[in-house]
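Student: Here's my sequence, what's the structure:
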Amino acid sequence: MVDLARRLGVTHVTVNRTLARLRQAGLVMVEPYRAIFLTQAGRKLADECRERHETVVTFLRSLGVPPKTAEMDAEGIEHHVSPETLAAFRRLLKRD
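Tutor: Take a look at the predicted model:
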């Protein structure tokens, strides 16, 4: 947990609390002194998040936004964009 905290730039208490919430939500399995594993539900959520991020980045890039800026902007947009808007992004990208 200390390594993860260091890598993320947070305290080990934050990591422990976050993992407890993820475990309670059924998204991860944590064993003492072992790796952290995604459950099937956790993997599904991770895949959905990755796809959402990639869609937003690809859409921004299609508008001419530079790659680094598109990545940074997508970090905020992807958390607030509605499913309808995300679907519109996908439809527009498929036409191009």
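Student: okay, CA-based contacts and neighbour counts for the rest of this
Tutor: Will do.
Student: How much space separates the residue nearest to the spatial centre of the chain from residue 12?
Tutor: For the chain, residue 49 is the residue whose C-alpha lies nearest the centre (CA atoms, centre = their mean; 4.5 Å). Between residue 49 and residue 12 the computed distance is 24 Å (CA to CA, to the nearest Å).
Student: picking that back up, any idea which element the residue nearest to the centre of the chain lies in?
Tutor: Assigned by DSSP states H and E, residue 49 belongs to helix 40-62.
Student: Now do the helix or strand that comes right after that helix: distance to the chain's middle.
Tutor: Scanning forward in sequence from helix 40-62 by DSSP H and E, the next helix or strand is helix 67-77. On the basis of CA atoms, centre = their mean, to the nearest Å, the separation between the geometric centre of helix 67-77 and that of its chain is 13 Å.
Student: Output helix 67-77 as CSV, nothing but the C-alphas.
Tutor: Presented in CSV, the C-alpha positions along helix 67-77 are these (Å, rounded to 0.1, in the frame of the first residue of the first chain):
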residue,chain,number,x,y,z
PRO,A,67,-2.5,15.1,-28.3
LYS,A,68,-1.1,16.3,-24.9
THR,A,69,-3.9,18.9,-24.5
ALA,A,70,-6.6,16.4,-25.6
GLU,A,71,-5.4,13.9,-22.9
MET,A,72,-5.4,16.6,-20.2
ASP,A,73,-8.8,18.0,-21.2
ALA,A,74,-10.3,14.5,-21.5
GLU,A,75,-9.5,13.9,-17.8
GLY,A,76,-12.1,16.5,-16.8
ILE,A,77,-14.6,16.1,-19.7
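Student: How is this protein divided into domains?
Tutor: What automatic domain parsing lists as the domains of the chain is 2-38, 44-95.
Student: ranking those by mean pLDDT, which is last?
Tutor: Per-stretch mean pLDDT for the domains of the chain is lowest at domain 2-38 (a mean of 92).
Student: Buried residues in it, which are they?
Tutor: Under the neighbour-count criterion of 16 or more other CA atoms under 10 Å, domain 2-38 has 12, 15, 19, 22, 23, 27, 28, 29, 38 buried.
Student: thinking again about what came up before, contact partners of the helix holding residue 49?
Tutor: 26-28, 67, 70-71, 74-75, 77-78, 86, 89-90, 93 (CA atoms under 8 Å, 6 or more residues apart in numbering).
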